[in-house]
Each structure stands twice: as structure tokens, then as C-alpha cells.
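Chemist: Okay, here's the prediction I keep looking at, along with the sequence it came from:
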Amino acid sequence: MRLLKHFQEQAPHQVQSTISLNSTRQLITQLTIPMVTISKNINTNIALAEDKVRELGDERLKGDELRGRLQTQRIQIHVTALNKPRTVCCDPSCTEVRSDGNQDDVLVTVYKQHCHAVCYLSGVQVDKMADPGLIDCAAFSGSSICQHCSHHWQQHMHIFYE
């Protein structure tokens, strides 16, 4: 009886709070992928900076060698438009995220694996991964696995640039 009396005295909880908590959890889950990418880039930059510090700490380097290393080289990425779409793999093992080399340091995805360099399929959306029309691409030869990179067709997309 005491237990029933205790529950009768308790105020009901707000259902809206539970819904809000669930939507917050979903938002946090969606943010993990960009956070991992940012974390990898930060760790890469830290490792590069530590390598440069070790190079500069080497007492065997002379002044002329240091002056020669003063200007760091940066790779600039230039985009070239293509006439026909290209089927590329979007799997992380087939892509690379780099800085564009300009002042803004915009990160761009470089698709290293060109599974079908000139694809003649029509009706496939550009820059959309796992478009259903890609299953008919010659890179898959009637299979769901790519003949070039061995990844599933849903990890591919069409692009119009190089």
C-alpha cells in the first residue's frame, strides 16, 4: 500500500523532454562523421608540424640548407571539367581529403580510384552516391561489386570534374 501511495504522489514526467532528448541524441550521432574527419585532419597537421620541428632541430643543417627549406611547397588543386561523367569510388580507402592549396585552405575530396573513366550512362545524378542507375555501369559488369576497386556499387557516384 505504501508503494502505491508513493507512486500516486509522484508528478508525471514531461513527454516532450523525452522527445527532445531523443532528437538531441540523433543530432549528436549525425555529427560524429564530420568530427572524425576534422580530428584526422588536425592529427595529420600536428604530425607534419612535429616533423618540421624535428628537421629544424637537427644541428647538422647549415644556414644555406635552412634558407632553402624556408619556403614550404604547397600542392594546389585545380579542377578540370569533363565532357562525359566519370564513375568514381567514394570509399575512404579510394579517396583522399586535401587542402586546395589556396589561402582559404578549403578541404576537397580527391577521388583516387576512377572505376569507369568515361561512363555513357544517362539519367544518373551527378555527385550523388549510390544512385540506382549506377548498377548498370560497365565498372560492375552486371555484378554489385566493382571490377576495379572491389567495393559495392552503392559506394560509387558520377562526377563531371577531375
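Modeler: That came through, no problem.

Chemist: can you pull the pLDDT of D58?
Modeler: We note a pLDDT of 66 for D58 in this prediction.

Chemist: same deal with the one 3 residues further on?
Modeler: Residue-level confidence at L61 comes out at 61, pLDDT.

Chemist: what does the one 4 residues further on give?
Modeler: E65 is assigned a predicted lDDT (pLDDT) of 71.

Chemist: For it, which three-state class applies?
Modeler: helix (DSSP: H, G, I helix; E, B strand; the rest coil).

Chemist: quick one: it and K52, what's the gap?
Modeler: 14 Å (CB to CB, to the nearest Å). (C-beta placed from N, C-alpha, C; glycine too.)

Chemist: Following element in sequence after the longest strand seen in the chain, please.
Modeler: In terms of residue count, the longest strand belonging to the chain (DSSP state E) is strand 81-89. Going down the chain from strand 81-89, the next helix or strand is strand 95-99, by DSSP states H and E.

Chemist: sec struct for V108, please.
Modeler: Quick answer, by three-state DSSP: V108 is strand.

Chemist: Touching, it and R98? I think so.
Modeler: Yes: using CB atoms under 8 Å, V108 is in contact with R98, at 6.1 Å.

Chemist: Taking their axis directions, the longest strand of the chain and strand 95-99 sit at what angle?
Modeler: Angle of strand 81-89 versus strand 95-99, following axes from the mean of the first three to the mean of the last three CA atoms, to 10 degrees, is 130 degrees.

Chemist: show me the contacts for H152.
Modeler: S144, I145, C146 (CB atoms under 8 Å, 6 or more residues apart in numbering).

Chemist: Which residue in the residues you listed has the weakest pLDDT?
Modeler: Lowest confidence among the contacts of H152: S144, with 92.

Chemist: Touching, that residue and I135? I think so.
Modeler: Yes: between S144 and I135 there is a contact under CB under 8 Å: 7.0 Å.

Chemist: more neighbours, those two?
Modeler: When S144 and I135 are compared for neighbours, I135 comes out ahead with 16 against 9, by other CB atoms under 10 Å.

Chemist: Now do the closest residue in space to the more buried one that isn't next to it in sequence against I145, distance only.
Modeler: Excluding the flanking residues, the one nearest I135 by CB to CB, 6 or more residues apart in numbering is W153, at 5.3 Å. Using CB to CB, one obtains 7 Å as the distance from W153 to I145.
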